[in-house]
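>>> no sequence on hand, only this structure:
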């Protein structure tokens, strides 16, 4: 599975290098090279997994249909407004492709929009370059945690792995119904994970403060916390670290629970959906780490 992390690092490096080349090329207005610029800018967006920008830059190349809605390009709406293709608070956009607008006579409204959109694309690339520089050192660490989580689920709980895969796929489809389904799959993943590491049972589990918690099938959070609490007891050498980790995980599980409940009852923004998925990966990676500590403390073989 290690090549996945390498692939992530290669994508970030390629995105940075392509950005740098494009920004140098776009220092001056170059209407004769717009088609190539758009194609390469869209490639940058694909490398950094910016699906909204891929859609936006595709429309710049092809033109905007009469049925277009600004929600289709998400946060990239700011670039349409910067380029005066769209006005703040309005849905209407100038529909012609960037190439067609650039062919208009110099000084006409269409030509001015083309120049402004050219500057907006330049701004987008500057922002991507900054994000890659700021996030490049951090992204590989997140990718390693993701791989740890995925490998643990595949090995210990295949049903949870399938639920997480479904959640990510539905979240990428982008619509409100799909985001709700993604959150349902995310909850399903956590329920399967809890059942795998701490199966449901009758009765209660007393935490360190002596508070009793139900361990029934609906109490997935309680059972995950009971698993971690028992695992911490199994390895006294890492007591301080594990106690801090347990506190961190309680806070994260509460936050995820709140986000998942919003997926059922309210409009769920894309950002909150992404946040819930990211936290779910972190929770699984932490469970995997503690699971390994417990296995070693009991004399079992450590998993790779």
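Yes, it's here. Source: prediction; values computed, not measured. Numbering: from 1, shown residues only.
>>> low pLDDT regions in the stretch 101-250 of the chain?
Within the stretch 101-250 of the chain, the segments meeting pLDDT under 70 span 133-140, 174, 232-250.
>>> for it, what spans make up the strands?
Applying DSSP state E, counting those that start in this stretch to the stretch 101-250 of the chain gives strands spanning 204-206, 212-214.
>>> buried residues, stretch 104-117. List them.
For stretch 104-117, burial by neighbour count (16 or more other Cβ atoms under 10 Å) applies to 111, 113, 114, 115, 116, 117. C-beta here means a position set from N, CA and C on the backbone, and glycine is covered the same way.
>>> could I get those as a markdown table with distance to residue 216?
Shown next, in a markdown table, are the buried residues of stretch 104-117 (distance: Cβ to Cβ, whole Å):
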| residue | distance to residue 216 |
| --- | --- |
| 111 | 68 |
| 113 | 61 |
| 114 | 63 |
| 115 | 64 |
| 116 | 60 |
| 117 | 57 |
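>>> follow-up on the earlier one: of the strands of the stretch 101-250 of the chain, which is nearest residue 169?
Closest to residue 169 of these is strand 212-214 (Cβ to Cβ; 32.4 Å).
>>> tally of neighbours for the nearest residue to residue 193 once chain neighbours are set aside?
Leaving aside its chain neighbours, residue 193 sits nearest to residue 160 (4.6 Å; criterion: Cβ to Cβ, 6 or more residues apart in numbering). Using other Cβ atoms under 10 Å, residue 160 has 25 other residues around it.
>>> residue 160 contacts residue 152, doesn't it?
No: look at residue 160 against residue 152 with Cβ atoms under 8 Å: they stay out of range, at 9.2 Å.
>>> care to break the chain down by domain?
Per automatic domain parsing, the structural domains of the chain span 2-135, 139-297.
>>> quick one: residues contacting the residue nearest to the spatial centre of the chain.
Centroid-nearest residue in the chain, with Cα atoms, centre = their mean: residue 274, separated by 4.6 Å. Neighbour list for residue 274: residue 171 [criterion: Cβ atoms under 8 Å, 6 or more residues apart in numbering].
>>> I'd like the distance between the closest residue to residue 208 other than its chain neighbours and residue 170.
Spatial nearest neighbour of residue 208, excluding adjacent residues (Cβ to Cβ, 6+ apart): residue 229 at 6.6 Å. Distance of residue 229 to residue 170, computed by Cβ to Cβ, to the nearest Å: 32 Å.
>>> next: residue 95.
Where residue 170 is concerned, residue 95 sits at a distance of 31 Å (Cβ to Cβ).
>>> more neighbours: which of those two?
residue 170 (21 against 14).
>>> test my guess that the more buried one contacts residue 188.
No: judged on Cβ under 8 Å, residue 170 makes no contact with residue 188 at a distance of 11.6 Å.
>>> fine, thanks again, bye for now.
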